[in-house]
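*Asks:* How does the following fold in three dimensions:
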Amino acid sequence: MQRKILYFFSTLFLFALISCQTTNWSEIDFSQDYIPPIKLRNATAYISKIDLNSVSLVLGINTQEFYSVSDFAEENDLDYAINSTPYYYDQNNQCQLLGLNKFNDQILSQAQEKYSALAFYFNEENQLRAKVIKNQSSEEIAKYPTLIGAYFTILQDNQIQEFKKYKRSRTACGLSSDGRFLYLLCVTSSLKTDLSGMTYQECAALLQELNCSDGLEFDGGHSSAMYCPEFGYICAKSTKNIPASIGFYRKSH
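*Replies:* Got it, this is the predicted structure:
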């Protein structure tokens, strides 16, 4: 009986230690274009910086035949790619995207009021820019020709938003205040149970360190995956194929 009690409290202490862990960013130079992998407790965070002046956008949607982010990048000759919109299965076991996707004013999936979106547009100098839209029911949506459905806004006007503090594998993105620089973030758990990684707030704090003013979460957990020049293909330990991704290729292609 004593052994069982000791085992229970040991397990509880270990879980609390993992859940309450905070990360010290003080030793990392976030001013550089290349940021090395950030080692966490039972997880690793990968960051890739994109100058939207130098890339073109590609949207990958296929709810009938799922694919991996690496296949999406390879088939489209992309330099960057990341999984995007969450999804679910309806009563007929058909995959449905859980949120808005619009490309060049063509609506590919319907809006979900409580979720956020990443908008892309061209400024007056015909340069690609991005903006975080907090709510997909917003009238702002009509202004933008291309929107990518996501989960929640975690950083708004440099303010970290509040959520329940669950650590998971994550994919997220952050934007500089002028919308020119896009930071892709992929956090992969080293545990099969996926009970480690980062909370939404920790992801937002990391984006803050990159001088992002706004940021949002894409589909995470087992869907977490990213492809970039710095690290190649990064994915969650028990990754799965997905129906939605976004990617970028350099204009020099």
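*Asks:* hey, let's count contacts and neighbours off CA atoms from now on
*Replies:* OK.
*Asks:* State the distance from residue 237 to residue 42.
*Replies:* As judged by C-alpha to C-alpha, to the nearest Å, residue 237 and residue 42 stand 11 Å apart.
*Asks:* low pLDDT regions in the stretch 51-200 of the chain?
*Replies:* Scanning the stretch 51-200 of the chain for pLDDT under 70 picks out the ranges 193-195.
*Asks:* got the residue ranges for the strands in it?
*Replies:* Secondary structure of the stretch 51-200 of the chain, counting by DSSP state E, counting those that start in this stretch: strands at 55-61, 80-83, 87-89, 95-97, 101-103, 106-109, 117-122, 128-133, 146-149, 153-156, 159-160, 170-175, 181-189.
*Asks:* Of all these, which one is nearest residue 250?
*Replies:* strand 55-61 (4.3 Å; C-alpha to C-alpha).
*Asks:* That closest one: partners in the sheet, and parallel or antiparallel?
*Replies:* strand 244-250 (antiparallel) (DSSP bridges).
*Asks:* thinking again about what came up before, what sits in contact with each of residue 237 and residue 42?
*Replies:* 189-191 (C-alpha atoms under 8 Å, 6 or more residues apart in numbering).
*Asks:* Please check those and keep the buried ones.
*Replies:* The neighbour-count test (16 or more other C-alpha atoms under 10 Å) applied to those identifies 189-191 as buried.
*Asks:* If you count neighbours, what's buried in stretch 159-173?
*Replies:* 160, 167-173.
*Asks:* Nearest to residue 216 among the shared contacts of residue 237 and residue 42?
*Replies:* Nearest to residue 216 among the shared contacts of residue 237 and residue 42: residue 189, at 19.2 Å, using C-alpha to C-alpha.
*Asks:* Now the closest one. Nearest residue, chain neighbours left out?
*Replies:* Once flanking residues are discounted, residue 189 sits nearest to residue 43: 4.2 Å by C-alpha to C-alpha, 6 or more residues apart in numbering.
*Asks:* That neighbour bridge partners, please.
*Replies:* residue 40, residue 189.
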